[in-house]
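J.: Sequence and predicted model, in that order:
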Amino acid sequence: QVQLVESGGGLVQAGGSLRLSCAASGRTFSDYAMAWFRQAPGKEREFVAAITRSGSSLSYADSVKGRFTISRDNAKNTLSLQINSLKPEDTAVYYCAASSGYIPTNPGRYPYWGQGTQVSVSS
């Protein structure tokens, strides 16, 4: 099993930036594909970005391409999400998740989740 803890959320103005982090512990971090999802109030959890075990392949939701960058440091057991040009519609709780699959976009394919970190964007 792997345990995940997110950090780095906060309240920012539109156009600002944040860097989210996810610290992993337990089983070997590099055994897992990793992803970020988000959930806004009253909405379903949605895929944001994913990265393969080695970091060689990335996947992004169309809504965040060009603004969000996912990365990982397997030596430090850390997953990151750099968020630029924030928009009010980016407001949500952001979750990191781990999967033994390739880089699925379906949240049901991720058995391990962190507790989430709140990102709020004011207009």
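T.: Ah, there it is.
J.: Excluding chain neighbours, give the residue nearest to the residue nearest the centre of the chain in space.
T.: The chain has residue 36 as the residue nearest its centroid, 2.2 Å off, counting by Cα atoms, centre = their mean. Leaving aside its sequence neighbours, residue 36 sits nearest to residue 48 (Cβ to Cβ, 6 or more residues apart in numbering; 4.2 Å). Yep, even glycine has a C-beta here, placed from its N, CA and C like the rest.
J.: That neighbour looks like it's in a helix, true?
T.: No: counting by DSSP: H, G, I helix; E, B strand; the rest coil, residue 48 is not part of a helix but strand.
J.: wait, isn't it in contact with residue 37?
T.: Yes: counting by Cβ atoms under 8 Å, residue 37 is a contact partner of residue 48 at 5.8 Å.
J.: where do the contact lists of the two overlap?
T.: residue 94 (Cβ atoms under 8 Å, 6 or more residues apart in numbering).
J.: burial count for the residue nearest to residue 36?
T.: For residue 48, the count of nearby residues is 25 (other Cβ atoms under 10 Å).
J.: that older thread, and the pLDDT at the residue nearest to the centre of the chain?
T.: In this prediction, residue 36 carries a pLDDT score of 98.
J.: so which strand or helix has it?
T.: Using DSSP states H and E, residue 36 sits in strand 33-39.
J.: The residue nearest to the centre of the chain pairs with what?
T.: residue 49, residue 96 (DSSP bridges).
J.: Residue 112 and residue 18, how far apart?
T.: 23 Å (Cβ to Cβ, to the nearest Å).
J.: List the contacts of residue 99.
T.: With contacts defined as Cβ under 8 Å, 6+ apart, residue 99 is in contact with 32, 33, 34, 35, 109, 110, 111, 112.
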